[in-house]
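**Q** Predicted model, plus sequence, below.
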Amino acid sequence: MSRVKKSRSMKGKLGKTGTKEMLKEQKKARKAASPSKFDAKKAKQRKDQAHRKLERLGLLPEKESEQPKVRPKRFTFTPKVEDSVSAKVEQAKSEDSIKNDLLNALTEHN
């Protein structure tokens with residue numbers, strides 16, 4: 001009886017366990033899963049270590065003074081400049097029309 005060489009390819013494994021679609025689904029699920037605590041912790045440690053190294057070598061950019069962000073007040077009334085200007089123009093027009101009407105009325109009688 002001859003020995004069969006173990007296949008390292010996915011094709012060989014798929015023949016026994018499942019279809020290619022199933023493998024794709026497993027891969028998607030693995031990618032979508034949230035990272036484990038161990039991985040997150042190690043990533044944070046690596047980042048901190050790199051930060052300390054840059055600081056030690058003096059390559060770290062200078063940190064700007066952090067000012068607290070000013071949050072805009074909500075629901076504040078701000079009158080529009082255009083509205084006040086247009087209201088004044090309309091008022092002037094209405095005054096002019098009243099004057100014109102009165103002058104027309106007076107000139108008609110004479």
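**A** Ah, there it is. Residues are numbered from 1 along each chain as shown.
**Q** Leu60 against Arg52, yeah?
**A** No - between Leu60 and Arg52 there is no contact under C-beta atoms under 8 Å: 9.4 Å. Where you see a C-beta, it was placed from the backbone N, CA and C, and this is true even at glycine.
**Q** so what's Met22 up against?
**A** Not one residue lies near Met22 by C-beta atoms under 8 Å, 6 or more residues apart in numbering.
**Q** Check which helix or strand it maps to.
**A** For Met22, the element it lies in under DSSP states H and E is helix 20-32.
**Q** how far is the helix or strand that comes right after that helix from where the chain is centred?
**A** Downstream of helix 20-32, the first helix or strand assigned by DSSP H and E is helix 37-57. Computed by C-alpha atoms, centre = their mean, to the nearest Å, the separation of helix 37-57 from the middle of its chain amounts to 26 Å.
**Q** same for the longest helix along the chain, what does it pack against?
**A** Ranked by residue count under DSSP state H, the longest helix found in the chain is helix 81-109. Counting contacts by 3 or more C-beta pairs under 8 Å, 6 or more residues apart in numbering; DSSP states H and E, helix 81-109 packs against no other helix or strand.
**Q** Please state the mean pLDDT value computed over that helix.
**A** For helix 81-109, mean pLDDT rounds to 79.
**Q** chain center to that helix, what's the gap?
**A** 50 Å.
**Q** Contacts for stretch 60-75 next, please.
**A** With C-beta under 8 Å, 6+ apart as the contact definition, stretch 60-75 has outside contacts at 51, 54.
**Q** pull the CA atoms of it into CSV?
**A** C-alpha atoms of stretch 60-75 as CSV (Å, rounded to 0.1, in the frame of the first residue of the first chain):
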residue,chain,number,x,y,z
LEU,A,60,8.6,62.9,17.7
PRO,A,61,6.8,66.0,16.4
GLU,A,62,6.1,68.6,19.1
LYS,A,63,2.8,68.3,20.7
GLU,A,64,0.6,71.4,20.3
SER,A,65,-1.2,72.7,23.4
GLU,A,66,-4.6,71.1,23.4
GLN,A,67,-7.4,73.5,23.9
PRO,A,68,-10.8,72.2,24.8
LYS,A,69,-13.1,72.5,21.8
VAL,A,70,-15.8,75.1,22.2
ARG,A,71,-19.1,73.5,21.5
PRO,A,72,-21.6,75.8,19.7
LYS,A,73,-24.7,76.6,21.6
ARG,A,74,-27.7,74.8,20.3
PHE,A,75,-31.0,76.5,19.3
